[in-house]
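> have a look; sequence and predicted model below, questions after that.
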2 protein chains.
Amino acid sequence: MKYKVIVRVVLKPSVLDPQGAAIERALTAMGNKGIDSVRVGKIIEIVLEGPDEKTVFDKVNIWSDELLANPNMETYSLIVEPIA
Amino acid sequence: MKYKVIVRVVLKPSVLDPQGAAIERALTAMGNKGIDSVRVGKIIEIVLEGPDEKTVFDKVNIWSDELLANPNMETYSLIVEPIA
């Protein structure tokens, strides 16, 4: 069975996000109002083989800890979806 | 009313993704098998004021076209959720 796992990695709220601040400033400079905040993160889409959703989730959870996210500055969340 | 809009920007499938390839290689080097593909994209979370979901969606859709995504190499999708 194949699964697609989406790992969403975002900076912790306490960490300054200069890229997000730059986008916010650009949008405001374009004449837009009412923007409260802009934060930028990354998304990693992994397609892999696995026996079931739980096993796949646990495996990618370990990868996120060990490789994909920086636990000092970032948090992450996972979505696992089976591929037909 | 406040809304949170999540803009997910990913490279078109035809565009080479060296960052994704590097992660795939690293995971394989860590002894993992059965990985089909890894693609890396970015996520932009915008919190803003707006009258209703449709207006907010249309507005951020224009921003994505004009500023957030590179239409030559990337595609994007939007999720709008009201904030209580």
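Okay, I see it. Residues are numbered from 1 along each chain as shown, chains lettered A, B, ... in the order given.

> now the residue located most distally from the centre of chain A: how far from A:Arg25?
Computed with Cα atoms, centre = their mean, the residue of chain A farthest from its C-alpha average is A:Gly31, at 28.8 Å. Using Cβ to Cβ, to the nearest Å, we find A:Gly31 at a distance of 12 Å from A:Arg25. All C-beta spots, glycine's among them, are computed from the backbone N, C-alpha and C.

> quick one: the residue farthest from the centre of chain A is in a helix?
No - assignment of A:Gly31 by DSSP: H, G, I helix; E, B strand; the rest coil gives coil, placing it outside any helix.

> shaky segments in chain A?
Scanning chain A for pLDDT under 70 picks out nothing.

> you'd agree A:Leu78 is in a strand?
Yes - applying three-state DSSP, one finds A:Leu78 inside a strand.

> what about it, how many residues nearby?
18 (other Cβ atoms under 10 Å in any protein chain shown).

> now it: how far from chain B?
Shown here: A:Leu78 relative to chain B, a distance of 14 Å by Cβ to the nearest Cβ, to the nearest Å.

> so how far is A:Asn70 from the residue farthest from the centre of chain A?
Taking Cβ to Cβ, one finds A:Gly31 at 36 Å from A:Asn70.

> for A:Asp52, same thing?
29 Å.
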